[in-house]
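Asker: okay, sequence plus prediction incoming.
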Amino acid sequence: MTGLAIQDLYASHGRTQVLSGVDLTVEQGSLACVLGPSGCGKSTLLRVVAGFHQAARGRVTLAGRLLDDGRSRLPAERRRIGYVPQDGALFPHLTVAANIGFGLPRAKRPARVAELLDLVGLAGFGDRHPHQLSGGQQQRVALARALAPAPELLLLDEPFAALDAALRSDVRAEVAATLRRAGATAILVTHDQDEALSFADTIAVMRDGRIAQTGSPQTLYSEPADARTARFLGEANLLDAELDGAAAVTALGRLPLTDGAPATGRHLVMLRPRQLRLSSVPAADAVRARVLSCLFRGHDYRVELAPDPALGAGLPERLVAYTDGAPSETEVYVQVHGAAHPVGDALGAASAGTPSTVDA
Ligand SMILES: Nc1ncnc2c1ncn2[C@@H]1O[C@H](COP(=O)(O)OP(=O)(O)OP(=O)(O)O)[C@@H](O)[C@H]1O
């Protein structure tokens, strides 16, 4: 069932148009993520949905109720939407229990506060003040406070950005689990692709005030619509290919195509670093490459490779592979596993370069 529906939404700050035709649907009970680079309009989108900023035109509805269509607007306090800002914004002089119960009807307060403390795993912390909590615990209190009035939709504006890296992934997992337990419908905005990929059922990639692509984390990672989205979601090897009706003919060999991909023409295709397997012995369908660098990252190695120049044009200067073991030789043979995914028109050698993580 549709929870939030945004259609052709436009919004501006003064004369600057920030949202330019945003379409987004969030199913009831699902966790969505709006992922985009800084300044693309993510916070403005959340603020329009929350009722803190007015739409210029378009239509925003929640469970069929009109929130804003550029003419009529439901006041923020009547939208039944919870908002968790980046810093949590707890009242420092109030206890955890008072923060969570703030604004709730007095009679319901004790029972609801106890229920929420339990839900966020902070039972027994009700009498503390925010400064007596860790950053992650403070974020969980902020979440409990936003969930307390049982909102129909919860908006989370980069809520983990202030936490250090080690804490961030734990708190993120706890918050996602809490939201699922509560059956909440939520939208998280972030510029962090790992956060988006691990948190959401659906990711909407936002660019220049528009949604560039929407899909499951798996689909967006393995079948991005274009090269910018491919790079924004993680490192990508991009190479020229001639699609011959059934496969992609590339300098790394003849590769199967992802389902639904175009079948003919010259295209740029993407291979994720995990799709490159390295061996010290030649194989029929492997190509030669030189190891430029090898970085141990705990869970794997990141290996940069220079493909043999004899392989010709259409290959990037460097390929990146993620491997379980470190290559034992500086000369290796690269084999591709899995399907190549077309991400746009072939650009010849100009498309080549170092794979990049964030380039949107
Ligand atoms: N109050 C404001 N007045 C004028 N311009 C604004 C205002 N708020 C935001 N903007 C501009 O609108 C654009 C989008 O800003 P917004 O905060 O929505 O982006 P964002 O994707 O959330 O960025 P970030 O990830 O850095 O928070 C930016 O160019 C920004 O400078």
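Answerer: Received the coordinates, thanks.
Asker: quick check: phi and psi on the residue of the chain most remote from its centre?
Answerer: Relative to the mean C-alpha coordinate of the chain, counting by Cα atoms, centre = their mean, the farthest residue is residue 107 (40.0 Å). Dihedral angles of residue 107 (phi, psi; degrees, to the nearest 10) stand at phi -60, psi -30.
Asker: give the contact list for it.
Answerer: Counting by Cβ atoms under 8 Å, 6 or more residues apart in numbering, residue 107 makes contact with nothing. Glycine gets a C-beta too; all of them are placed from N, C-alpha and C.
Asker: how about residue 335?
Answerer: Residues counted as contacts of residue 335 (Cβ under 8 Å, 6+ apart) are 276-279, 283, 285-286.
Asker: using JSON lines, lay out those together with secondary structure, neighbour count and pLDDT.
Answerer: Formatted as JSON lines, the contacts of residue 335 follow (DSSP: H, G, I helix; E, B strand; the rest coil; neighbours: other Cβ atoms under 10 Å; pLDDT from 0 to 100):
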{"residue": "276", "secondary structure": "strand", "neighbour count": "23", "pLDDT": "96"}
{"residue": "277", "secondary structure": "strand", "neighbour count": "16", "pLDDT": "95"}
{"residue": "278", "secondary structure": "strand", "neighbour count": "22", "pLDDT": "95"}
{"residue": "279", "secondary structure": "strand", "neighbour count": "13", "pLDDT": "93"}
{"residue": "283", "secondary structure": "coil", "neighbour count": "11", "pLDDT": "85"}
{"residue": "285", "secondary structure": "coil", "neighbour count": "12", "pLDDT": "82"}
{"residue": "286", "secondary structure": "coil", "neighbour count": "18", "pLDDT": "88"}
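Asker: filter these by proximity to the ligand?
Answerer: Residues of those in contact with the ligand (Cβ under 6 Å from any ligand atom): none.
Asker: a strand runs through residue 320, doesn't it?
Answerer: Yes: Residue 320: assigned to a strand according to DSSP: H, G, I helix; E, B strand; the rest coil.
Asker: quick one, domains of the chain?
Answerer: With domains defined by automatic domain parsing, the chain comprises 2-221, 236-351.
Asker: for residue 152, see how far away residue 293 is.
Answerer: Going from residue 293 to residue 152 by Cβ to Cβ, to the nearest Å gives 50 Å.
Asker: looking at the two, which one has more neighbours?
Answerer: residue 152 (16 against 11; other Cβ atoms under 10 Å).
Asker: not counting sequence-adjacent ones, nearest residue to the more buried one?
Answerer: residue 80 (4.6 Å; Cβ to Cβ, 6 or more residues apart in numbering).
Asker: quick one: neighbours of that neighbour, just the number.
Answerer: 15.
Asker: now residue 74. Nearest residue, chain neighbours left out?
Answerer: Nearest non-adjacent residue to residue 74, counting by Cβ to Cβ, 6+ apart: residue 67, 5.1 Å away.
Asker: what's the neighbour count on the one you found?
Answerer: Per other Cβ under 10 Å, the neighbour tally for residue 67 reads 26.
Asker: list the contacts for it?
Answerer: Neighbouring residues of residue 67 by Cβ under 8 Å, 6+ apart: 49, 51, 60-61, 73-74, 79.
Asker: does it sit in a helix, a strand or a coil?
Answerer: Classification of residue 67 using three-state DSSP returns strand.
Asker: any idea how far it lies from residue 188?
Answerer: Going from residue 67 to residue 188 by Cβ to Cβ gives 19 Å.
Asker: likewise for residue 154?
Answerer: Applying Cβ to Cβ, the value for residue 154 to residue 188 is 9 Å.
Asker: is residue 186 in contact with residue 32, as I believe?
Answerer: Yes: the pair residue 186 and residue 32 qualifies as a contact (Cβ atoms under 8 Å) at a distance of 7.2 Å.
Asker: let me know the pLDDT of residue 123.
Answerer: Per-residue pLDDT puts residue 123 at 88.
Asker: any idea which residue of the stretch 101-250 of the chain lies closest to the ligand?
Answerer: residue 191 (5.1 Å; Cβ to the nearest ligand atom).
Asker: now do the helix or strand harbouring residue 22: distance to the chain's middle.
Answerer: Using DSSP states H and E, residue 22 falls within strand 16-27. Computed by Cα atoms, centre = their mean, to the nearest Å, the separation of strand 16-27 from the middle of its chain amounts to 16 Å.
Asker: low-confidence stretches in the protein?
Answerer: Residue ranges of the chain with pLDDT under 70: 88, 346-360.
Asker: so how far is residue 267 from residue 226?
Answerer: Between residue 226 and residue 267 the computed distance is 11 Å (Cβ to Cβ).
Asker: now residue 228: which helix or strand?
Answerer: Following DSSP H and E, one finds residue 228 within helix 227-232.
Asker: next SSE after that helix?
Answerer: On the C-terminal side of helix 227-232, the nearest following helix or strand under DSSP H and E is strand 237-244.
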